[in-house]
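Student: Fold the following for me, if possible:
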Amino acid sequence: MDMHLVVGVAGIAVMLGMILLTGMSPGLAMLMTGLVGLLVVNPPASMAGVWNGVVGAEVWTVCSNYGFTVIPLFVLLGEVIFHAGYSDRLFKAAEAWFGGRRGGLAITTLMACAGFSSICGSNTATAATMSAVALPPMTRAGYHPLLKCGSIAVGSTLGAVIPPSIVLVVYGLYTGLSIGKLFAGSVIPGVLLVAAFVLTVVVLCHCRPDWAPRGRALPWGERWRLVPGILEVGLLFVVIMGSMFSGIVTPTEAAGFGTFIGIAGCMLRRRLSVAALKTAMISTLHITGMVFLIITGATVFGKFLVFTGLPMLLTQAAADSSLPPTVIVVFMAVCYLIGGCLMDALAFLLISLPLFLPVVEQLGYDKIWFGQLVCLVTTMGAITPPIGVSSFVVASMCKDADLPQVFKGTMFFYPAYALVIALLFIFPLPMAGWLASLVK
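Tutor: As a prediction, the model looks like this:
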């Protein structure tokens, strides 16, 4: 084997070891491994590049991309919605409509997660928020730990599937695809995934009625009374998505306009204090800094992989292989599932794209469709042992369930993921391409 290829494989192994064994930030691990790898593969040119600022200039070119401004805007909008207390309102409104049936609080949690995800876009933020909101009422109602923890953990993964998704934003900017088209393509998979989760709860409660006592059904008047409290979230979603889908504004302009409306509306209705806005902005800076560190590390690490020739080797191997293209893509999906359970979905996405995207293009698959597949599989990884991030968050906030129980609870929802992923393979155009084709 060529020495450069050996260095490339060793670099991937070292980088993963630094993340998994030392707990180092994925962005920092990719950055360090990429820099050292460049010096090993091409010492004179790499040393000159580092010394003369060429590497730094390339990182600046990537990170100064105007499209990336959408990330802090969407993160800030999610933080504002959270600190304004809309997560509680979403849960109470959903509880009024679905809480009267057996398993209603679990369905309520899934619906509230979907609503919060449509503005927030972050798995871990949704997991922490909905754990704080949904665990107390489900505990008081006597819900089984497997059902209550499992529903919160899987509901939190909707943040990467339902637009606006930070993972899809970065994927779109990396691949040069329209973010509006990617968001549109994720609507049907996202809706079907929520429906499959709800169906799972219904089946579980039918088979194990003792896991979820029946709640008190509220009068219709009380249900409708709570609806106006969440209309603002729905309005924000419609404004952001509608403006992007129509082609009137860019994704960044839509995010900026939506964030302005969200902040102004919350402050005018006295739901957001100056102190809460300050806290939201500080949290936004922390999250955005983490995301850009990952992007910086992935930029350097990706350049290192290109120098080793590993992406080209994989592309050629796929072209020369007698395996059906579907088998190769399924193998990639399994890699994303494993990667998603070991580290942050965004980090693994940026690690893997330099390797897998040339293969996907060689096989002739639509990149919008592949983006939806990647989001679905990596979000499934976020609840999968041994290091499912969302499951860790829920376990840390639940007093009567440990991590193994949370993982066991999420496993009941695996068939729901498998169903939507299978539909994505069987009906690629209706699932991901139809709505995307309508975006101007």
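
Student: quick one: buried residues of the host helix or strand of residue 241?
Tutor: For residue 241, the host element (DSSP states H and E) is helix 231-246. For helix 231-246, a neighbour-count test (16 or more other Cβ atoms under 10 Å) marks 232, 233, 236, 237, 240, 241, 243, 244, 245 as buried. Where C-beta positions appear, they are placed from N, C-alpha and C, glycine not excepted.

Student: thought the last one was touching residue 436?
Tutor: No - using Cβ atoms under 8 Å, residue 245 and residue 436 do not qualify as a contacting pair, with a distance of 9.7 Å.

Student: coming back round to it: among the buried residues of helix 231-246, find me the one that's closest to residue 80.
Tutor: Taking Cβ to Cβ as the measure, residue 80 lies nearest residue 236 of these, at 10.0 Å.

Student: For the closest one, list the residues it contacts.
Tutor: The contact partners of residue 236, by Cβ atoms under 8 Å, 6 or more residues apart in numbering, come to 77, 81, 119, 258, 261, 262.

Student: In helices only, show me those.
Tutor: Residues of the contacts of residue 236 located in helices (DSSP state H): 77, 81, 119, 258, 261, 262.

Student: Could you pull up phi and psi at residue 102?
Tutor: Phi and psi for residue 102, reported as degrees, to the nearest 10, are phi -70, psi 130.

Student: Now residue 106: closest residue in space, sequence neighbours ignored.
Tutor: Excluding the flanking residues, the one nearest residue 106 by Cβ to Cβ, 6 or more residues apart in numbering is residue 151, at 4.2 Å.

Student: For the one you found, what is the enclosing helix or strand?
Tutor: Using DSSP H and E, residue 151 maps to helix 145-156.

Student: So which elements touch that helix?
Tutor: If you count contacts as 3 or more Cβ pairs under 8 Å, 6 or more residues apart in numbering; DSSP states H and E, helix 145-156 packs onto helix 104-120, helix 123-140, helix 187-207, helix 389-397, helix 403-411.

Student: Can you name the next helix or strand after the last one?
Tutor: Heading C-terminal from helix 403-411, the first helix or strand you meet, by DSSP H and E, is helix 414-426.

Student: Quick check: phi and psi on residue 272?
Tutor: Torsion angles at residue 272 (phi, psi; degrees, to the nearest 10) stand at phi -140, psi 110.

Student: What of residue 165?
Tutor: Phi and psi for residue 165, reported as degrees, to the nearest 10, are phi -110, psi 130.

Student: how many other residues sit next to it?
Tutor: 31 (other Cβ atoms under 10 Å).

Student: pLDDT weak spots in the stretch 151-300 of the chain?
Tutor: Applying pLDDT under 70 to the stretch 151-300 of the chain picks out residues 215-218, 220, 222, 229-230.
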